[in-house]
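Q: Here is a sequence together with a model predicted from it:
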Amino acid sequence: ADCRVIAAWGLRANLATVLWLLGRTDEAEREWTQVLGEEPTNGNALFGMACLASARGQPGGAMDFLERSVASSVAPGGAHLELAWLLAVCSEDGRRNGARAESLVRRAMGSSAVSPVRALDALAAAQAEQGHFKEAVATAEKAIALAKQMGDTAAARTIEERLTLYEQGKPFRLIVPPSP
């Protein structure tokens, strides 16, 4: 393939990301869809479509795009971590897989593209999904300590809420609001 064509599709995927960040989701979706029409394995476009599906309360759709993104990606990163999170906490029973989630988190943990607090939070959720609540509690406590050390009190509070569930022997479930 012509390198200029490949570069152009990469730029379109980046444009879509900028549109997404500006809140122009319909335009972002059009750009990502065009990119995927020409380059079905474009990891950035797949990840973007996953974010869009997640924001629309469609965890199953998000997982489908993340699966494709992970399969197309050479190095672990954000897509691996987001897929792991959904595999651990998805509200749809048949979509969860704690062991696979844990494997994906552990693979992504060394990547500079991954927040260590977010990775520990996802690891705790994966452990809880597997019924390993003692490990989930210990991992969540590490995530809370690291979040506080980094000055991220909002993340610490959110993880503390999940920690309470793990201490009660309950996994965290993502609550998806009903579609209007």
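A: Looks like it arrived, so ask away. Numbering: from 1, shown residues only.
Q: Quick check: residue 117 vs residue 25, distance?
A: The gap separating residue 117 from residue 25 is 27 Å, by CB to CB, to the nearest Å. The way it works is simple: take the backbone N, C-alpha and C, and place the C-beta from them, glycine included.
Q: which one of these two has more residues nearby?
A: residue 117 (22 against 15; other CB atoms under 10 Å).
Q: Find the nearest non-adjacent residue to the more buried one, please.
A: Once flanking residues are discounted, residue 117 sits nearest to residue 147: 4.7 Å by CB to CB, 6 or more residues apart in numbering.
Q: Show me what the helix or strand containing that neighbour is packed up against.
A: Using DSSP states H and E, residue 147 sits in helix 133-149. On a contact count with 3 or more CB pairs under 8 Å, 6 or more residues apart in numbering; DSSP states H and E, helix 133-149 meets helix 116-129, helix 153-167.
Q: So the spatially closest residue to residue 72 that is not a sequence neighbour, which state does it fall into?
A: Nearest residue to residue 72 in three dimensions, chain neighbours excluded: residue 41, at 3.9 Å (CB to CB, 6+ apart). Reduced to three states with DSSP: H, G, I helix; E, B strand; the rest coil, the structure at residue 41 is coil.
Q: Next, residue 41: phi, psi?
A: Residue 41 has phi and psi values of phi -110, psi 20 when expressed as degrees, to the nearest 10.
Q: for the one 5 residues further on, same thing?
A: According to degrees, to the nearest 10, the main-chain angles of residue 46 amount to phi -60, psi -40.
Q: Residue nearest the middle of this protein, spatially speaking?
A: Centroid-nearest residue in the chain, with CA atoms, centre = their mean: residue 82, separated by 1.3 Å.
Q: tell me the SS of that one?
A: helix.
Q: Could you export the strand or helix carrying residue 26 as PDB, CA atoms only?
A: Assigned by DSSP H and E, residue 26 belongs to helix 25-38. C-alpha atoms of helix 25-38 as PDB (Å, rounded to 0.1, in the frame of the first residue of the first chain):
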ATOM      1  CA  THR A  25     -19.500  13.000  18.300                       C
ATOM      2  CA  ASP A  26     -21.600  12.600  15.100                       C
ATOM      3  CA  GLU A  27     -18.700  14.100  13.000                       C
ATOM      4  CA  ALA A  28     -16.200  11.900  14.800                       C
ATOM      5  CA  GLU A  29     -18.300   8.800  14.100                       C
ATOM      6  CA  ARG A  30     -18.500   9.600  10.400                       C
ATOM      7  CA  GLU A  31     -14.700  10.000  10.300                       C
ATOM      8  CA  TRP A  32     -14.000   6.800  12.200                       C
ATOM      9  CA  THR A  33     -16.500   4.900  10.000                       C
ATOM     10  CA  GLN A  34     -14.800   6.200   6.800                       C
ATOM     11  CA  VAL A  35     -11.400   5.200   8.100                       C
ATOM     12  CA  LEU A  36     -12.700   1.700   9.000                       C
ATOM     13  CA  GLY A  37     -14.300   1.400   5.600                       C
ATOM     14  CA  GLU A  38     -10.900   1.700   4.000                       C
END
